[in-house]
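> here are the coordinates; sequence isn't available:
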């Protein structure tokens, strides 16, 4: 599967987790706000969007267009959903982090 | 619906940074959050936020566009490789004289065999710069050989025509495959 061998960068990891948390309401703006509210990181809309497109090209998420809405000036939303490959990539990344951080007593005092 | 005319500057600029098919989603996101912020803070604060967003979005969106245009880089490398093939072939033809007493068939065989490792080597080097370049080089060679065959009035045996079609692209693909195998081997040793 295309991209399934690729790992996740730190921003890709965060964005993928945000997509997972948002479920059926994941689109550019909500993903950005979710990251901001959960981590305090004020990411730019362009950084989030570029990361979503990259994740889609790796096969970790897919997208579809919603209906145009008035509050967006008649523009449609682009919703994102996590794929099975995306879940696998998240699992692998978390396993690596878990293994690398296991037994590090100094980690909590950092 | 409340409208904020100045947001158009930000949306116009943001729209220029992404391909046409993706503008609605990105610009719509900005407009929607701008409206939310204008409703909860003030329209000037919302506009300031929107302009900051557009400025901060320039580097990642430009980088994303460059990454997507990787095939242009591959084509550029392939064209340079094709020129390199032409130059090396010209040098070889000028420096290596035909063996004395050889007939036409021997000359034709040499003309097929000598370029093979040369093209494979050039494709191998091209693949270092762009992994897709050897495939494009093979395709360019195929197109050029077809054009030369169609426009040439020379009387050439059919077997030679067919072999000429196959040798260049095959050498390019083999060069690319060798590079790919070398990369895999290196990665395997590194892990």
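That came through, no problem. Remember, predicted model here, so these are calculated numbers, not experimental data. Numbering: from 1, shown residues only, chains lettered A, B, ... in the order given.

> and the closest residue to chain B within chain A, what does it touch?
Sorted by distance to chain B under Cβ to the nearest Cβ, the residues of chain A start with residue A:46, at 2.4 Å. C-beta coordinates here come from the backbone N, C-alpha and C atoms, glycine included. Counting by Cβ atoms under 8 Å, 6 or more residues apart in numbering or on different chains, residue A:46 touches B:14, B:17, B:26, B:53, B:54, B:56, B:57, B:58, B:59, B:60, B:61.

> list the contacts of the residue nearest to the first one when sequence neighbours are not counted.
Translated: residue B:14. Leaving aside its chain neighbours, residue B:14 sits nearest to residue B:54 (5.0 Å; criterion: Cβ to Cβ, 6 or more residues apart in numbering or on different chains). Each residue near residue B:54 by Cβ under 8 Å, 6+ apart is listed here: A:46, B:10, B:13, B:14, B:30.

> ok, now with 6 Å
By Cβ atoms under 6 Å, 6 or more residues apart in numbering or on different chains, the residues touching residue B:54 are B:10, B:13, B:14.

> one more: residue B:74?
Neighbour list for residue B:74: B:130, B:132, B:133, B:136 [criterion: Cβ under 6 Å, 6+ apart].

> what does residue A:71 give?
B:32, B:35.

> looking at the contacts of residue B:74, spot the one nearest residue B:158.
residue B:136 (27.7 Å; Cβ to Cβ).

> check which element follows the helix or strand where the closest one lies along the chain.
If you go by DSSP states H and E, residue B:136 is part of helix B:133-151. Heading C-terminal from helix B:133-151, the first helix or strand you meet, by DSSP H and E, is helix B:158-190.

> buried residues in that following helix?
B:163-164, B:167-176, B:178-179 (16 or more other Cβ atoms under 10 Å in any protein chain shown).

> show me which of the residues you listed is closest to residue B:142.
Nearest member of the buried residues of helix B:158-190 to residue B:142, counting by Cβ to Cβ, is residue B:169, at 5.1 Å.

> roughly how far apart are the closest one and residue B:9?
For residue B:169, the distance to residue B:9 equals 51 Å [Cβ to Cβ, to the nearest Å].

> how about residue B:123, what does it touch?
Counted by Cβ under 6 Å, 6+ apart, residue B:123 has contacts B:134, B:137, B:172, B:175, B:176.

> 10 Å instead?
Residue B:123 sits next to B:78, B:81, B:84-85, B:133-138, B:141, B:168-169, B:171-179 when contact means Cβ atoms under 10 Å, 6 or more residues apart in numbering or on different chains.

> over to residue B:93?
So residue B:93 contacts B:111, B:114, B:115 (Cβ under 10 Å, 6+ apart).

> spell out which parts of chain A neighbour chain B.
Selection of chain A residues close to chain B by Cβ under 10 Å from any Cβ of the partner chain yields A:11, A:27-33, A:42-54, A:57, A:63, A:65-66, A:68-80.
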